[in-house]
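Novice: The following block contains a protein sequence and its predicted model.
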Amino acid sequence: MGRQDRPAVNSRCDRCRRSYAALLLLLVPLLTIATPAASQDDIKAFGITDIGGEFSIRYRLDDWSNYNTDGDGFFVNNPTWYEELSLRARGYVYHPAFLDWTISGGPLLMQWAYKSDAGEDSGSDTLMNFDAELSFLNMRAYPFTLYLRRDHPEIISSISGRFLVQTNEYGIKGILREPLSPLYITWDVSHWDSYGSGAGTTVDQILNRATLRASLPYRERDNVHLILNWNERDSKSGAIGLPIQQSLIETASAELTGDNTFGDSSQMTLRHNLIWLNQKTTLAAVTELKSLGYVGTFNWKHTEATRSFANLNYKDTNRTESWTRTGGFRAGAIHDFAKNLTVSGEGDYTQDEAPGFSQNVTGVRGTGNYTRSLTFGNLAVGASVDMRRTDQVSDTDRVTIFDEAVVLVGTTPVTLSQDFVIVTSIVVTNEAKTQTFIEDLDYRVVTIGNRTSVERLITGNIGHGQSVLVTYDALTGGTVKYDTFSQGLSFNLGLWRYTNLFLNYNNSNNKVVEGTTTTPLNSVNRIELGARLDYPFTSGWIMGGEYRFIRHDEDISPNVNNRFEIYAQTARYWRTSIRLLVHHETVEYERSLEDVNLYRYLLTINSILPGGVILAYNAEYTEDTGGTLIREEERHSLSLNWAYRQVLFSLRASSSDVLRGENNRQNKRVTAMLRRVF
């Protein structure tokens with residue numbers, strides 16, 4: 001687990017260490033004069049108040065294979081044993097109110113073997129974990145704590161399994177409170193680093209950070225909060241299969257929040273939130289960023305039946321090569337005419353500006369909801385009307401969206417926030433900006449109508465559940481002024497507690513008032529109807545299902561959706577619950593090849609066996625043959641958990657077989673742990 005040389009970062013770390021040393025020297029005189037008063041019986045040179053620990057044995061097996069239809073690919077088999085002893089002690093020096101300490105740690109022994117198509121290897125390591133905290137002057141108005149930690153967590157690789165990294169953290173934190181300070185202040189200054197490599201991934205990052213939090217309550221129900229943050233993040237982490245560039249990002253931020261309550265019954269509340277951020281970087285690919293934002297919220301409960309609200313927001317963002325300004329105001333009221341009738345009305349105004357582009361939207365909206373109990377069930381009816389005018393001026397055909405955060409789970413596509421994305425402009429990076437992912441190797445882009453999605457590929461360098469940043473351009477639509485009128489209607493009829501019939505209708509129409517749009521405005525006419533049944537057919541068994549039909553007519557991408565689901569479940573037999581589910585869904589797009597024809601089967605069993613053993617089993621099969629890439633997944637998992645006094649045992653086995661297009665990825669994993677706490 002070697003570390004690259006970093007002269008710039010090391011100089012910063014040296015300055016941090018010198019700062020910590022100077023701070024400790026300044027604290028010595030304070031400690032000598034600030035020892036709390038104590039009885040003679042409590043004063044000791046050294047005392048131990050608690051001793052404990054735990055011992056654990058863990059086993060993990062990861063077996064991966066990844067191949068395409070041509071037979072190209074790889075396999076990995078990686079069994080590992082872990083034995084860990086952790087001892088814990090707590091005590092004090094001189095007096096518990098002067099210095100209270102907690103120290104824990106112990107050895108972590110690891111034996112591993114690695115076998116792949118590239119060769120075999122095996123070995124063993126002895127690692128040391130520890131955690132120490134020294135807390136001074138806990139009874140004073142200025143307590144503080146020194147801490148030092150090292151551990152070796154597991155990192156899941158996007159390529160082939162998992163590996164251990166070493167993390168180190170040290171710092172100082174404390175509190176300032178009355179009578180020394182009228183504000184309640186907490187502060188924390190620390191250094192954190194993590195490094196290691198394995199399974200096609202390297203981790204090499206440093207984080208220096210400082211935080212200050214202050215709060216001031218005043219009057220009886222009001223308070224002000226201030227949060228100041230500074231951090232410097234240096235990273236050279238990423239997948240070995242892609243180029244890795246060093247990223248050094250320094251971020252400073254401040255957040256000021258005020259909460260006010262008015263009225264004898266606290267019927268009015270006002271909240272202000274002001275956020276400032278300044279980010280600098282040495283990496284040309286990361287734009288420098290400054291932003292200032294404000295959000296204000298006011299709520300007023302006039303009577304038991306009438307409530308009103310108002311929201312104001314503004315954000316000014318400046319980047320190295322661009323800027324944006326957004327703002328808006330929204331206000332409205334809600335009134336209950338009776339227990340079963342509620343109406344609301346509101347108005348809003350939003351403004352968005354970027355280089356060569358501005359858009360103002362003004363709108364009003366009204367809703368009504370009515371419920372009524374019937375002799376054979378209940379009825380719920382809802383209606384809404386929305387009118388708005390959009391006025392935009394564009395001197396450019398596109399705007400740039402920077403660093404949109406997206407979480408890619410499995411192979412589920414995630415839709416980007418803007419319409420009419422220029423797909424050739426999409427750039428996807430990891431959060432640290434050390435790597436840029438490659439289209440059709442790490443992810444693919446799917447466009448349906450005016451919406452664009454990003455989908456993780458199972459053979460790429462993006463891990464399951466990984467957060468990525470997406471930067472892209474989107475078409476502006478030209479200089480145009482247009483009106484949009486929308487209306488909605490919903491019915492829900494409940495029959496004899498077991499059945500629900502529902503109908504939803506939504507319609508929106510656009511009309512150009514002035515100018516010419518360069519992208520379709522996309523009027524929509526959508527109807528959804530269906531039924532749901534949840535019925536106890538026999539003692540202990542519930543069976544049910546749901547059907548939905550959706551016809552979505554629009555100018556750009558009309559489609560028809562059918563969903564059908566049926567299930568059966570019981571919790572009656574032998575302290576065991578069983579659930580079976582079958583799901584089928586189709587989506588047919590008139591102007592896209594990315595249809596959906598999905599089947600999903602699910603079995604879940606949870607049971608408490610004799611001796612207190614808890615068992616859980618899940619089996620799932622999914623197949624989607626509707627789009628341009630066939631998706632087929634089969635997953636199984638079994639877990640056992642047992643506890644007897646201070647002995648804990650757990651076992652988990654899982655397997656997955658995923659086919660996406662021409663690529664097939666299989667994984668078998670077994671984990672077991674035996675732990676004794678003492």
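Specialist: On my side now, so go ahead.
Novice: When you work out contacts or count neighbours from here on, use the C-alpha atoms and nothing else.
Specialist: OK.
Novice: where's the nearest residue to Phe98 once chain neighbours are set aside relative to Lys173, distance?
Specialist: Setting aside the residues directly before and after it, Phe98 is nearest to Leu137 in space (CA to CA, 6 or more residues apart in numbering), at 4.7 Å. According to CA to CA, to the nearest Å, Leu137 and Lys173 sit 13 Å apart.
Novice: How about Asp348?
Specialist: 44 Å.
Novice: just to revisit the earlier point, now the common contact residues for Leu137 and Lys173.
Specialist: Both Leu137 and Lys173 are contacted by Phe144, under the criterion CA atoms under 8 Å, 6 or more residues apart in numbering.
Novice: Let me know how buried Leu108 is, in neighbour terms.
Specialist: Look at Leu108: counted by other CA atoms under 10 Å, it has 19 neighbours.
Novice: Strand partners (parallel or antiparallel) of the helix or strand hosting Glu84?
Specialist: Per DSSP states H and E: Glu84 is located in strand 73-94. Partners of strand 73-94 in the sheet, by DSSP bridges, are strand 44-68 (antiparallel), strand 99-116 (antiparallel).
Novice: Any chance of TSV for those strands, columns distance to Ile422?
Specialist: As requested, the strands paired with strand 73-94 are exported to TSV (distance: least, CA to CA, whole Å):
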stretch	distance to Ile422
strand 44-68	30
strand 99-116	41
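Novice: Touching, the residue nearest to Phe98 and Pro143? I think so.
Specialist: Yes - judged on CA atoms under 8 Å, Leu137 makes contact with Pro143 at a distance of 4.8 Å.
Novice: if we can go back for a sec, can you tell me how far the residue nearest to Phe98 is from Thr202?
Specialist: Look at Leu137 and Thr202: by CA to CA, they are 42 Å apart.
Novice: just Ser656 next, same as before
Specialist: With distances taken as CA to CA, Ser656 is found 25 Å from Thr202.
Novice: now Thr297
Specialist: Distance from Thr297 to Thr202, counting by CA to CA: 45 Å.
Novice: In terms of neighbours, single out the busier of the two.
Specialist: Using other CA under 10 Å, the more surrounded residue of Thr297 and Thr202 is Thr202, with 21 against 17.
Novice: List the buried residues for the helix or strand containing that one?
Specialist: Taking DSSP H and E as the definition, Thr202 sits inside strand 201-218. Within strand 201-218, the residues scored as buried using 16 or more other CA atoms under 10 Å are 201-215.
Novice: quick one: least confident of those?
Specialist: On pLDDT alone, Thr201 ranks lowest of those, at 80.
Novice: I'd say that residue and Ala239 touch.
Specialist: Yes - Thr201 lies in contact with Ala239 (CA under 8 Å); the separation is 4.4 Å.
Novice: quick one: contacts for Gln245?
Specialist: For Gln245, the contact set (CA under 8 Å, 6+ apart) comprises Lys236, Thr434, Gln435.
Novice: Looking at the buried residues of strand 201-218, which one is closest to Gln466?
Specialist: Nearest to Gln466 among the buried residues of strand 201-218: Thr201, at 13.6 Å, using CA to CA.
Novice: Beta-bridge partners for Tyr567, please?
Specialist: With DSSP bridges as the criterion, Tyr567 is bridged to Gly544, Leu581.
Novice: Quick one: residues contacting it.
Specialist: Neighbour list for Tyr567: Met543, Gly544, Gly545, Arg579, Leu580, Leu581, Val582 [criterion: CA under 8 Å, 6+ apart].
Novice: Could you rerun that using 10 Å?
Specialist: The contact partners of Tyr567, by CA atoms under 10 Å, 6 or more residues apart in numbering, come to 534, 542-546, 579-583, 601-603.
Novice: In the protein, what residue spans correspond to helices?
Specialist: All helices of the chain, identified by DSSP state H, fall at 7-33.
Novice: Low-confidence stretches in it?
Specialist: 1-43, 69, 156-161, 199, 283-287, 572 (pLDDT under 70).
Novice: residue nearest the centroid of this protein?
Specialist: Centre of the chain computed as the mean C-alpha position; nearest residue by CA atoms, centre = their mean is Val407, 7.5 Å away.
Novice: okay, now the closest residue to that one other than its chain neighbours: neighbour count?
Specialist: Once flanking residues are discounted, Val407 sits nearest to Ser467: 4.3 Å by CA to CA, 6+ apart. The local packing of Ser467 (other CA under 10 Å) involves 16 other residues.
Novice: With Arg497 instead?
Specialist: Neighbour count for Arg497, taken as other CA under 10 Å: 12.
Novice: need the contact list for the nearest residue to it once chain neighbours are set aside.
Specialist: Counting by CA to CA, 6+ apart, Gly377 is the residue found nearest to Arg497 once chain neighbours are left out, at 6.5 Å. By CA under 10 Å, 6+ apart, the contact list for Gly377 reads Leu493, Gly494, Leu495, Trp496, Arg497, Tyr498, Thr499, Asn500.
Novice: which of those residues are buried?
Specialist: Buried among these (16+ other CA under 10 Å): Leu493, Gly494, Leu495, Thr499, Asn500.
Novice: for those, which one is nearest Gly363?
Specialist: Closest approach to Gly363 among those (CA to CA): Leu493, at 31.5 Å.
Novice: Please tell me how far the residue lying closest to the closest one once chain neighbours are set aside sits from Phe549.
Specialist: Computed as CA to CA, 6+ apart, the closest residue to Leu493 that is not its neighbour in sequence is Leu379, at 4.7 Å. As judged by CA to CA, Leu379 and Phe549 stand 21 Å apart.
Novice: Kindly indicate which of the contacts of Gly377 lies nearest Thr415.
Specialist: Nearest to Thr415, judged by CA to CA, of the contacts of Gly377 is Asn500 at 30.9 Å.
Novice: check contacts around the closest one.
Specialist: Applying CA under 10 Å, 6+ apart, we find Asn500 in contact with Gly377, Asn378, Leu379, Asn492, Leu493, Gly494, Gly530, Ala531, Arg532, Leu533, Asp534, Glu546.
Novice: Kindly reformat these as TSV containing distance to Thr342.
Specialist: Formatted as TSV, the contacts of Asn500 follow (distance: CA to CA, whole Å):
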residue	distance to Thr342
Gly377	20
Asn378	16
Leu379	14
Asn492	16
Leu493	18
Gly494	19
Gly530	25
Ala531	25
Arg532	26
Leu533	28
Asp534	28
Glu546	28
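Novice: What is the nearest of those residues to Asp440?
Specialist: For the contacts of Asn500, the residue nearest Asp440 by CA to CA is Glu546; the value is 36.8 Å.
Novice: pretty sure that closest one contacts Tyr498?
Specialist: No - using CA atoms under 10 Å, Glu546 is not in contact with Tyr498; the gap is 11.8 Å.
Novice: which residues do those two both contact?
Specialist: By CA under 10 Å, 6+ apart, Glu546 and Tyr498 have these common neighbours: Arg532, Leu533, Asp534.
Novice: Which residue comes closest to the first one once chain neighbours are left out?
Specialist: Nearest residue to Arg532, sequence neighbours excluded (CA to CA, 6+ apart): Glu546, at 4.3 Å.
Novice: Give me the neighbour count for the one you found.
Specialist: By the other CA under 10 Å criterion, the neighbourhood of Glu546 contains 18 residues.
Novice: I'd like to know how far it sits from Phe502.
Specialist: For Glu546, the distance to Phe502 equals 11 Å [CA to CA].
Novice: For these two, list the residues in contact with both.
Specialist: Shared contacts of Glu546 and Phe502 (CA under 10 Å, 6+ apart): Gly530, Ala531, Arg532.
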